[in-house]
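Undergrad: Quick one: sequence and predicted model below, then my questions.
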Amino acid sequence: MTTSSSERGVSLGMPELPAPAYPDDVRARLEADAREIIARYPDSRSALLPLLHLVQSEEGHVTRTGMQFCADVLKLTTAEVTAVATFYTMYRRRPSGDYQVGVCTNTLCAVMGGDAIFEELQEHLGIGNGETTDDGKITLEHIECNAACDFAPVVMVNWEFFDNQTVQSAKRLVDDLRIGHTVSPTRGAPLCTFKETARILAGFPDEREGAVEASGSAGPASLVGLRLARGETAPARVVHPRDGGPHEEPQDRAVHGPSPAEHQSSHDAPQDTSASDPAHPAGPTAEEGE
């Protein structure tokens, strides 16, 4: 006796219907923008990333309609567009808030308070990772790195920096965003909505007064490293852990690789441990099973 797929509890499902088209006026406007974007590239396919930002600026996330539009204007398959849209996390696949609040939970930010900030914001807002508040204002997510470790812990709102955050300051930040107060990033351009940010990322100018002139910078630690790499500062102090502490290097000495007596880090010159230096035991050295 044979059984049908439905009787076995297997649902073959129905094919998904084609994505609905944009209204004529919206499509005409987006096509004009798309032509401007595509003209920047010698190969039209290269315009896919900014085009995805463009359609994201229309609805706040990348919809099936948006992906079909990108496929049409670039003469690609929807599978090719979907493969790209699902790869990059900056493209949202479901409705998002006006403000994307990202808390860095990578190593340095995490130990400096990022984990605590993220946990408290979830509790404070009543949402989980990737979820949006009922008023449509805030989408919360943890992100791996904001590339601003010398300002840890860092929170970003629509990709603008809010440095040296605490649990209290992060709560005030999201509360102010929800009630419509003006919020200013620590550095960089003034804050705008996620849709406006997406249009800027598509390559269109930020026409707000003073937005282009606003600027930010890397932190002091990053800039010192950059100047040192360019040879613009004196060599760094070198620590000699075996003979009593730091020594100042002569100012006129050329930058060079460390000599055998210069242990700049354990990666450059691994130090003896209890396992390799019996004269300096630091703990049990017995092999497993002894």
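TA: Structure received. Predicted, not measured: the structure shown is a model, and the values here were computed from it.

Undergrad: where along the stretch 1-150 of the chain do the strands fall?
TA: Counting by DSSP state E, counting those that start in this stretch, the stretch 1-150 of the chain has these strands, from start to end: 99-104, 138-143.

Undergrad: Mind putting these into CSV with mean neighbour count and mean pLDDT?
TA: Quick note: C-beta positions are derived from backbone N, CA and C, even for glycine. Converted to CSV, the strands of the stretch 1-150 of the chain look like this (neighbours: other Cβ atoms under 10 Å; pLDDT from 0 to 100):
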stretch, mean neighbour count, mean pLDDT
strand 99-104, 25, 94
strand 138-143, 22, 94
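
Undergrad: Dump the ones you listed to CSV, plus distance to Glu232.
TA: Formatted as CSV, the strands of the stretch 1-150 of the chain follow (distance: least, Cβ to Cβ, whole Å):
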stretch, distance to Glu232
strand 99-104, 29
strand 138-143, 32
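
Undergrad: Low-confidence ranges, the stretch 1-150 of the chain, go.
TA: Segments of the stretch 1-150 of the chain classed as low confidence (criterion: pLDDT under 70) are 1-14.

Undergrad: all helices for it, in order.
TA: 24-38, 48-59, 64-74, 78-85, 107-109, 115-125 (DSSP state H, counting those that start in this stretch).

Undergrad: now those in a markdown table, with mean neighbour count and distance to Pro15?
TA: Written out in a markdown table, the entries for these read as follows (neighbours: other Cβ atoms under 10 Å; distance: least, Cβ to Cβ, whole Å):
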| stretch | mean neighbour count | distance to Pro15 |
| --- | --- | --- |
| helix 24-38 | 15 | 24 |
| helix 48-59 | 22 | 23 |
| helix 64-74 | 21 | 13 |
| helix 78-85 | 17 | 13 |
| helix 107-109 | 18 | 45 |
| helix 115-125 | 18 | 38 |
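
Undergrad: now the ones you listed as CSV including distance to Gly210?
TA: Output for those, formatted as CSV (distance: least, Cβ to Cβ, whole Å):
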stretch, distance to Gly210
helix 24-38, 24
helix 48-59, 21
helix 64-74, 31
helix 78-85, 33
helix 107-109, 29
helix 115-125, 29
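
Undergrad: Of all those, which one is nearest Ser222?
TA: Put simply, out of these the one that sits nearest Ser222 is helix 107-109, at 12.6 Å, with distance taken as Cβ to Cβ.

Undergrad: between the strands of the stretch 1-150 of the chain, which gets nearest to Leu17?
TA: For Leu17, the closest of the strands of the stretch 1-150 of the chain is strand 138-143, at 27.5 Å, according to Cβ to Cβ.

Undergrad: for the closest one, packing partners?
TA: In this structure, strand 138-143 makes packing contacts with strand 99-104, helix 115-125, helix 167-179, judged by 3 or more Cβ pairs under 8 Å, 6 or more residues apart in numbering; DSSP states H and E.

Undergrad: Mind doing that once more with 6 Å?
TA: strand 99-104 (3 or more Cβ pairs under 6 Å, 6 or more residues apart in numbering; DSSP states H and E).
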